[in-house]
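1. Give me the fold of what follows.
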Amino acid sequence: MGKLLNEFKEFAVKGNAVDMAVAVVIGGAFGAIVNSLVNDLIMPCIGVLIGGKDFASLAITLKEAVVENGEVVKEAVLFKYGQFINYIISFLIITFTIFLVIKGLNKLKRKKAEEPAPEAPAEPSAEEKLLTEIRDLLKEKKE
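-> Numbering: from 1, shown residues only. Next up, the predicted model:
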């Protein structure tokens, strides 16, 4: 049991697990921002263009509500295409944003890969090689 716990601790504090947790939290917050953008800013503008309707409430009634004595016994069955379109627009905005982020990261990676490698030290000249050989020979004679 102790080994399993240690493995779990190691996994949980690894950079990848922490990075993923941060990404999930930021992604959730970003999703809320995009939903607000779509529902509160974009769709009302589209609603004005189509005659002042709340776009999210656009629906086709498939089955009418059942009302008895002024009370709704069964809710109406609705085909809510307006809300579905809201979700599609949110999805497209999030997907496009992620595409731009990944594209930027790939561009940075390519730029880093294209950087020239540090130059290797120049090979010693023939004169330096000869002097090195002489030095080594002198060392051998002294020993």
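2. Let's see the least confident helix or strand in the chain by mean pLDDT as PDB, backbone CA atoms only.
-> Of all helical and strand segments in the chain, the minimum by mean pLDDT, DSSP states H and E falls on helix 2-13, at a mean of 77. Listed next in PDB are the C-alpha coordinates belonging to helix 2-13 (Å, rounded to 0.1, in the frame of the first residue of the first chain):
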ATOM      1  CA  GLY A   2       2.900   2.400   0.800                       C
ATOM      2  CA  LYS A   3       4.400   1.800  -2.600                       C
ATOM      3  CA  LEU A   4       1.100   2.700  -4.300                       C
ATOM      4  CA  LEU A   5       0.800   5.800  -2.200                       C
ATOM      5  CA  ASN A   6       4.300   6.900  -3.100                       C
ATOM      6  CA  GLU A   7       3.700   6.300  -6.800                       C
ATOM      7  CA  PHE A   8       0.500   8.400  -6.600                       C
ATOM      8  CA  LYS A   9       2.300  11.200  -4.800                       C
ATOM      9  CA  GLU A  10       5.000  11.200  -7.400                       C
ATOM     10  CA  PHE A  11       2.400  11.300 -10.200                       C
ATOM     11  CA  ALA A  12       0.400  14.000  -8.500                       C
ATOM     12  CA  VAL A  13       3.300  16.400  -8.000                       C
END
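3. any idea which helix or strand comes after that helix?
-> The first helix or strand that comes after helix 2-13 along the chain, using DSSP states H and E, is helix 15-36.
4. Let me know the average pLDDT across that next one.
-> The pLDDT scores in helix 15-36 average 82.
5. Following element in sequence after it, please.
-> helix 43-49.
6. which residues touch that following helix?
-> Lys53, Asp54, Phe55, Ala56, Asn86, Ile89 (Cβ atoms under 8 Å, 6 or more residues apart in numbering). Bear in mind the C-beta positions are built from the backbone N, C-alpha and C, glycine included.
7. Paired strands for the next helix or strand after it, with orientation please.
-> Moving toward the C-terminus from helix 43-49, the next helix or strand (DSSP H and E) is strand 60-63. Strand 60-63 pairs in its sheet with strand 77-79 (antiparallel), by DSSP bridges.
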